[in-house]
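A.B. asks: got a sequence here, can you build the structure:
(2 chains)
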Protein chains: 2
Amino acid sequence: MTEFSEWFHNILEEAEIIDQRYPVKGMHVWMPHGFRIRKNTLNILKRILDRDHEEVLFPLLVPEDELAKEAIHVKGFEDEVYWVTHGGLSKLQRKLALRPTSETVMYPMFALWVRSHTDLPMRFYQIVNTFRYETKHTRPLIRVREITTFKEAHTIHATADEAEEQVERAIEIYREFFDSLGIPYLITKRPPWDKFPGSDYTMAFDTLMPDGKTLQIGTVHNLGQTFARTFEIKFENPEGEHEYVHQTCYGLSDRVIASVIAVHGDESGLCLPPEVAAHQVVIVPVIFKKAADEVMEACRDLRDSLGDAGFRVHLDDRDLRAGRKYYEWEMRGVPLRVEIGPRDLENNSAVISRRDTGEKITADLDGIQDTLRDLMNDILENLRNRAWERMESEIREAGTIEEARNIIEEKRGIISFMWCGDEECGMDVEEKVRVDILGIQEGGSGKCMNCGRDAPYRAYLARTY
Amino acid sequence: MTEFSEWFHNILEEAEIIDQRYPVKGMHVWMPHGFRIRKNTLNILKRILDRDHEEVLFPLLVPEDELAKEAIHVKGFEDEVYWVTHGGLSKLQRKLALRPTSETVMYPMFALWVRSHTDLPMRFYQIVNTFRYETKHTRPLIRVREITTFKEAHTIHATADEAEEQVERAIEIYREFFDSLGIPYLITKRPPWDKFPGSDYTMAFDTLMPDGKTLQIGTVHNLGQTFARTFEIKFENPEGEHEYVHQTCYGLSDRVIASVIAVHGDESGLCLPPEVAAHQVVIVPVIFKKAADEVMEACRDLRDSLGDAGFRVHLDDRDLRAGRKYYEWEMRGVPLRVEIGPRDLENNSAVISRRDTGEKITADLDGIQDTLRDLMNDILENLRNRAWERMESEIREAGTIEEARNIIEEKRGIISFMWCGDEECGMDVEEKVRVDILGIQEGGSGKCMNCGRDAPYRAYLARTY
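C.D. replies: Next up is the predicted model:
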């Protein structure tokens, strides 16, 4: 899949995920099929978050003065904020920004909501659209001006330890989520020059795209007390004193869906994890003149019983050649296709085709629900294993700058190396290899690939989206 | 409830529906409890729409030239559109409007999507935020600048008859939806001067608020071919000729939730239909020293079994006086409260209290799921009947302008009268009675209350929100 960019553009169109023809750059339309995949994906996320987070919804528009309060934060966003300046024919007294993210929207309210240590911790999330005036080349779901699916969680804690612990919990949440999608990830701590503006530090999930570039698919930020001081978010501790809270936030975007499409897709089109697929099972009657009515009836019965059992099932009874139908459903990534013809009926069986492997299985109609359910589990596991293996095979160790350069030029992928952790040295590495340091993991030992000093960190380099 | 306005403001705050302190006029925060009610309400709506509509998601921002294309339409909105003029520090080449509604966002795309008569009908909906720069007094959920919950459906048809039929179907959809919420409605055809800008005609649902003013809670528009001509939306008919499509659209907003709160609420606070309530059942242990552990255990068992059976249930095991708990849960509108104390346990029973009537029922613990389910059905029916009776008792017939005036001054509510249908005469009625004509229903006969001519319409007058 050398021409990933073209493949991605085409599959979004052909599988009716996104319409890219909306007449504003970087803004796109979710078509019905894409919307279903998006909804199913978000349902997994909500199910996980709803265990101990509360869903809320904050306004889109941020007054200029609130946005400007946290200086480091606003500096990170000022070049890419859209401004509303007029209401009707009159100029607004205060400009309003379209949220690029919601710290400055939520935190003035948190200052009103937090009172006592008994209120804490608080964990909120919302799923909204956010806006970035991207000047770089835009690409649907990956680099857009309207992020239509921005899941942002914001938590408030009494102590630094609890905030630290929440960072770990958020990482576990994202692990569980990406595992449910079969998306492999590399978790690192971003280098200081690449952390979220205003945070103490940023933990990031990156995955590898088919073109060998990494895509940031999730981030978790420990905000420390920076925003608490700016927005005066305090609580009364058990001793009756007022302290600033500790905060974290963590986010995901449309890129999750980009990664599902890109990581699992193949030359035939989408290949979707069953929980995400708009249809999990499509039934195709194999009709000849003989027994046509019986076959159709058996197909309808199967559709109804699968539907009642909670499968997302579709019966394709269009008057088209079977090959055309197979092509379409494969392209749309439906995990399982069930064919029933006269001979199958005689044997009370059906033929099941797996989208991920192409394998065909003859199954007894009586126990077919269990068979399909088992196959769906297998498919997720297979997709996940396949994707992890692929990513891991693309992570290569470099001992010298020269080696790193060669790997990037010849093989792309991700480079693993030992690093001293010094900022200047890191910048130097980025300049010499001409790719970005994704981040670090603690706990290694060795010599820095660049400067030769003691290196406590394993770090990663890659071309990034 | 004379001071409805104050009551409404207070209950939104006390029941934690909406935080009204966000620092931009007319924009508010959905708090966790409010968000759940909103989500449950939308789930009912989605369940109904998903039968034959496809959910989609279009961009927020409309280019100025697209917005301006349909002249009558834009004239209806130009005073209240928010404009984005800058991205980062640079001025945009084309101003972008925040959608006030999405005809001009969707219809350029529909022109690309519709090809053949076999594509039709198409029925889409989305649930999004929309923006109106309201200059009138704003009020949460009723008149806002960010409509956070705008459900808009848009349909495309081959013939005028099919569009007409879709208007009827949309009315049925809204009937079913409002019946599920127990909200009474008056359905009328809006007078021509009050129809949706660009439509052929508008059908509207109004309900009566406790202060005697009506609230528009839903509208259905037959757009004819106006937008089809403006945006060049054509299909190829079976004869191979290209024809303009016929369109409808229909919408609901946050006002649905305002009406649920206002219509069913009472002096004790919210009173929610069970399908909408964040918690349907709250369990309160009645603890004395004796048998405290057994009571708690029975409460936990009940919570778990109800939860497993799909009830939204909460066990309030806080160390607070029972009275305080009752007050809180009543205020938050929980339909059913279950109390279990030592004596109840001895009898293997529990005491159930209905929020809507205050009635107490002693129920056997063994069959309690059925009892609770039956009670929830009863509650919805009771809320619906009560609300319909109240609204119908506030619709009064006027035979003369004088009578109409008296009714409005002394009793408020809705006035029913016979009308000739002449626009000038209608304007004259509005001026004389100083309230608005909501709309008409066909099929009456008599003399016009104002001009005495033959009157084919029954019309309605009311103070409106």
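A.B. asks: ok, and for the lowest-mean-pLDDT helix or strand in chain A, which residues are buried?
C.D. replies: Between all helices and strands in chain A, the lowest mean by mean pLDDT, DSSP states H and E belongs to helix A:71-77, at a mean of 83. Within helix A:71-77, the residues that qualify as buried are A:H73, A:V74, A:G76, A:F77, counting by 16 or more other C-beta atoms under 10 Å in any protein chain shown. (C-beta placed from N, C-alpha, C; glycine too.)
A.B. asks: again, but for stretch A:441-455
C.D. replies: A:C448, A:M449, A:N450, A:C451, A:A455.
A.B. asks: how far away is A:Y82 from A:L98?
C.D. replies: When distance is defined by C-beta to C-beta, to the nearest Å, A:Y82 is 4 Å away from A:L98.
A.B. asks: could you pull out the residues contacting both of those two?
C.D. replies: Here A:Y82 and A:L98 have A:F131, B:V84 as joint contacts, going by C-beta atoms under 8 Å, 6 or more residues apart in numbering or on different chains.
A.B. asks: helix/strand/coil for the nearest residue in space to A:E70 that is not next to it in sequence?
C.D. replies: In space, and not counting its chain neighbours, A:E70 is closest to A:T230: 4.4 Å by C-beta to C-beta, 6 or more residues apart in numbering or on different chains. Using DSSP: H, G, I helix; E, B strand; the rest coil, the structure places A:T230 in helix.
A.B. asks: ok, A:T230 to chain B distance?
C.D. replies: Distance of A:T230 to chain B, computed by C-beta to the nearest C-beta, to the nearest Å: 15 Å.
A.B. asks: give me every residue that touches that residue.
C.D. replies: A:T230 touches A:K69, A:E70, A:Y107, counting by C-beta under 8 Å, 6+ apart.
A.B. asks: can you count the residues close to A:E16?
C.D. replies: 18 (other C-beta atoms under 10 Å in any protein chain shown).
A.B. asks: just to be sure, it is in a helix?
C.D. replies: No: counting by three-state DSSP, A:E16 is not found in a helix; it is coil.
A.B. asks: I'd assumed A:P32 was in contact with it.
C.D. replies: Yes: counting by C-beta atoms under 8 Å, A:E16 touches A:P32, with 7.0 Å between them.
A.B. asks: okay, strands next: where are they in the stretch 101-250 of chain A?
C.D. replies: A:122-131, A:146-157, A:186-189, A:201-208, A:214-224, A:234-236, A:242-244, A:246-252 (DSSP state E, counting those that start in this stretch).
A.B. asks: same check, this time on the stretch 351-465 of chain A
C.D. replies: Along the stretch 351-465 of chain A, counting by DSSP E, counting those that start in this stretch, strands occupy A:360-364, A:395-397, A:414-419, A:436-442, A:457-462.
A.B. asks: could you check how far A:S416 is from chain B?
C.D. replies: Where chain B is concerned, A:S416 sits at a distance of 36 Å (C-beta to the nearest C-beta).
A.B. asks: who does that residue bridge with?
C.D. replies: A:E397, A:Y460 (DSSP bridges).
A.B. asks: quick one, what contacts it?
C.D. replies: A:S416 neighbours (C-beta under 8 Å, 6+ apart): A:I395, A:R396, A:E397, A:A398, A:R458, A:A459, A:Y460.
A.B. asks: in a strand, that's where A:H33 is, yeah?
C.D. replies: No: looking at A:H33 with three-state DSSP, it is helix, so not inside a strand.
A.B. asks: so how far is B:S102 from it?
C.D. replies: 20 Å.
A.B. asks: so those two - more neighbours on which side?
C.D. replies: Between A:H33 and B:S102, B:S102 has the larger neighbour count (other C-beta under 10 Å), namely 22 against 19.
A.B. asks: ok, which stretches of the stretch 201-350 of chain A are helices?
C.D. replies: Remark: helices assigned in the stretch 201-350 of chain A by DSSP state H, counting those that start in this stretch are A:226-231, A:255-264, A:292-308, A:322-331, A:342-346.
A.B. asks: okay, those helices, which one's buried deepest?
C.D. replies: helix A:255-264 (a mean of 25; mean count of other C-beta atoms under 10 Å in any protein chain shown).
A.B. asks: which single residue of the stretch 301-450 of chain A ends up nearest chain B?
C.D. replies: Of all residues in the stretch 301-450 of chain A, the one sitting closest to chain B is A:R318 (11.2 Å; C-beta to the nearest C-beta).
A.B. asks: what helices or strands is the helix or strand containing A:R38 leaning on?
C.D. replies: Using DSSP states H and E, A:R38 sits in helix A:32-49. When contacts are defined as 3 or more C-beta pairs under 8 Å, 6 or more residues apart in numbering or on different chains; DSSP states H and E, helix A:32-49 packs onto strand A:122-131, strand A:146-157, helix A:160-181, helix A:255-264, strand B:54-55.
A.B. asks: shaky segments in chain A?
C.D. replies: Across chain A, the ranges flagged by pLDDT under 70 are A:1-2.
A.B. asks: domain-wise, how is it divided?
C.D. replies: A:1-270, A:279-375, A:396-460 (the TED database).
A.B. asks: quote the end-to-end distance of the shortest one.
C.D. replies: Looking back up the chat, that one is domain A:396-460. Taking C-alpha to C-alpha, to the nearest Å, domain A:396-460 runs 9 Å from one end to the other.
A.B. asks: for the second one, same thing?
C.D. replies: For domain A:279-375, the first-to-last residue distance is 15 Å (C-alpha to C-alpha).
A.B. asks: distance of A:D266 from chain B?
C.D. replies: 27 Å.
A.B. asks: of the contacts of A:S416 - the most surrounded one?
C.D. replies: A:A459 leads these on contacts (other C-beta under 10 Å) with 25 neighbours.
A.B. asks: what about A:Y244, how many residues nearby?
C.D. replies: 17.
A.B. asks: should've said A:Q20
C.D. replies: Neighbours around A:Q20, by other C-beta under 10 Å: 14.
A.B. asks: just A:K136 next, same as before
C.D. replies: Neighbours of A:K136 (other C-beta under 10 Å): 8.
A.B. asks: what's the closest of the contacts of A:S416 to A:A298?
C.D. replies: Taking C-beta to C-beta as the measure, A:A298 lies nearest A:I395 of the contacts of A:S416, at 48.9 Å.
A.B. asks: nearest residue to the closest one other than its sequence neighbours?
C.D. replies: Nearest non-adjacent residue to A:I395 (C-beta to C-beta, 6+ apart): A:I414, at 4.5 Å.
A.B. asks: ok, that neighbour - contacts?
C.D. replies: A:L186, A:L208, A:T214, A:M391, A:E394, A:I395, A:R396, A:L438, A:Y460, A:L461, A:A462.
A.B. asks: again with A:I361
C.D. replies: Here A:I361 is in contact with A:V351, A:I352, A:S353, A:R354, A:T371, A:L375 (C-beta under 8 Å, 6+ apart).
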